[in-house]
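Participant: I'll drop the sequence and a predicted model, then ask my questions.
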Amino acid sequence: MVGTHLTDYLLREGISPLGLYYNSTISLAEIDRRATLEECDVRDALRIYRLMDGFRPDVIYHLAAQSYPAVSWRRPADTLDINIIGTVNVCESVRLIQRVSPSYNPAIVVACSSAEYGASLTPENTPITEDAPLLPLSPYGVSKVGQDLIAYQYHHSDELRTVRARIFNTTGPRKVGDAASDFTYRAAEIEVGLADCLRVGNLSTRRAITDVRDLVKALVLLAEHGDPGEVYNISGQHVYSMQEVVDLVCRLASVGIRIESDTSLFRPTDEPVIWGDSARLTQHTGWVQQIPLEQTIADMLDYWRGKLAGAKR
């Protein structure tokens, strides 16, 4: 999802990206046809190397991941393999290319995660800074700690220009599998008569939420101005309870929404609050959050309405 919005941004800026995909959550038909796409499993070290060597990108945005905490409980080995070994393959490819072309040293922005903080994310510790202990509470969080440290190690040992971006809750059009996308999709279904209620899990958790388009801008700024070897939180400035997000969805929906609690939607572990201090990012790059949550939710509803346009009541 993030990759598609990054592609849109780069094309608008006159930059021609090479995008890699594998088991994409987004239909390829939604990606601008001007982008060059190659199917590639990030675990395939040889193919990663060949694509990298052939294209020689100036900037690498390493977004490939098994990115769902809930899935990581069912597939912990796959999650660790994709996220950690995949990062090794990306960094190792650059290192190997440098053996033949010593001057080649692209910026590598590595998409890490707020899930790395885990148990450190307590109300008294938020907004959390990059110096907080990494105490992940899911296999996904553990995999992201590994990815984060691998990126740091390649900078320290091989002087690769890795910049680590610890991304907090991000959503927007094309997102699937998070609370905001589930809420807006179900609301759009209710609007066309395909569902009768909005089922919800724990609504007391609180999250700082960033629009994906603001995230993309932060990633681009980090590629341009981030300090190699450094780590940066990318977090929204405002914290919302899931109840507030539901209330906003209901307010923006075109019909009344009935709410039902569903215990199956509760997670085994769920941080009470996820909110990061992005001061370092702002100081180093000038990034500020610009898109309010109301616009994000409205755009997500419109996206799902377009998807469901042919449905009948």
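Facilitator: Received it, and whenever you're ready, just let me know what you need.

Participant: all strands of the protein, in order?
Facilitator: 18-21, 36-39, 59-62, 107-113, 161-167, 170-171, 198-200, 206-208, 210-211, 231-234, 239-241, 259-261, 273-274 (DSSP state E).

Participant: now the second one: mean pLDDT?
Facilitator: Confidence for strand 36-39, expressed as mean pLDDT, is 95.

Participant: show me what contacts the closest residue to Q243 other than its chain neighbours?
Facilitator: Spatial nearest neighbour of Q243, excluding adjacent residues (CB to CB, 6 or more residues apart in numbering): L203 at 4.1 Å. Heads up, the C-betas are built off the backbone N, CA and C, glycines and all. Listed by CB atoms under 8 Å, 6 or more residues apart in numbering, the contact partners of L203 are S241, M242, Q243, V246.

Participant: apart from its chain neighbours, what residue comes closest to the first one?
Facilitator: If the residues on either side of it in the chain are set aside, S241 comes closest to R206, at 5.0 Å by CB to CB, 6+ apart.

Participant: thinking the one you found is in contact with V239, fair?
Facilitator: Yes - assessed by CB atoms under 8 Å, R206 is found in contact with V239 at 5.0 Å.

Participant: tell me, what's touching those two both at once?
Facilitator: Counting by CB under 8 Å, 6+ apart, the common neighbours of R206 and V239 are V273, W275.

Participant: let me know which of the strands of the chain is tucked in deepest.
Facilitator: strand 170-171 (a mean of 27; mean count of other CB atoms under 10 Å).

Participant: which residues are contacting it?
Facilitator: Applying CB under 8 Å, 6+ apart, the external contacts of strand 170-171 come out as V2, D178, A180, S181, I209, T210, D211, V212, L215, I234, T296, M300.

Participant: out of those residues, which comes closest to S254?
Facilitator: Nearest to S254 out of the contacts of strand 170-171 is M300 (CB to CB; 14.0 Å).

Participant: doesn't S181 make contact with the closest one?
Facilitator: Yes - M300 lies in contact with S181 (CB under 8 Å); the separation is 6.6 Å.

Participant: on that earlier part again, narrow the contacts of strand 170-171 to those in helices?
Facilitator: Judged by DSSP state H, those include V2, A180, S181, V212, L215, T296, M300 as members of helices.

Participant: ok, and the closest non-adjacent residue to the last one?
Facilitator: Spelled out, it's M300. Leaving aside its chain neighbours, M300 sits nearest to T184 (4.1 Å; criterion: CB to CB, 6+ apart).

Participant: just the second one next, same as before
Facilitator: Leaving out its chain neighbours, the residue that sits closest to A180 by CB to CB, 6+ apart is T171, at 4.2 Å.

Participant: next one: that neighbour from E294, what distance?
Facilitator: As for T171, its distance to E294 is 13 Å (criterion: CB to CB, to the nearest Å).

Participant: ok, now V216?
Facilitator: Taking CB to CB, one finds V216 at 19 Å from E294.

Participant: show me which of those two is the more surrounded one.
Facilitator: Neighbours were counted for V216 and for E294 using other CB atoms under 10 Å; V216 has more, 22 against 11.

Participant: so what's that one up against?
Facilitator: Applying CB under 8 Å, 6+ apart to V216 gives the contacts V2, H5, L6, Y9.

Participant: please list only the buried members of those.
Facilitator: Buried by 16 or more other CB atoms under 10 Å: V2, H5, L6, Y9, out of these.

Participant: out of the residues you listed, which is nearest to R99?
Facilitator: The closest of the buried ones among the contacts of V216 to R99 turns out to be L6 (CB to CB; 29.0 Å).

Participant: surely that closest one and Y61 touch.
Facilitator: Yes - counting by CB under 8 Å, L6 touches Y61, with 6.0 Å between them.

Participant: intersection of neighbour lists for these two?
Facilitator: The overlap between the contact sets of L6 and Y61 (CB under 8 Å, 6+ apart) consists of L219.
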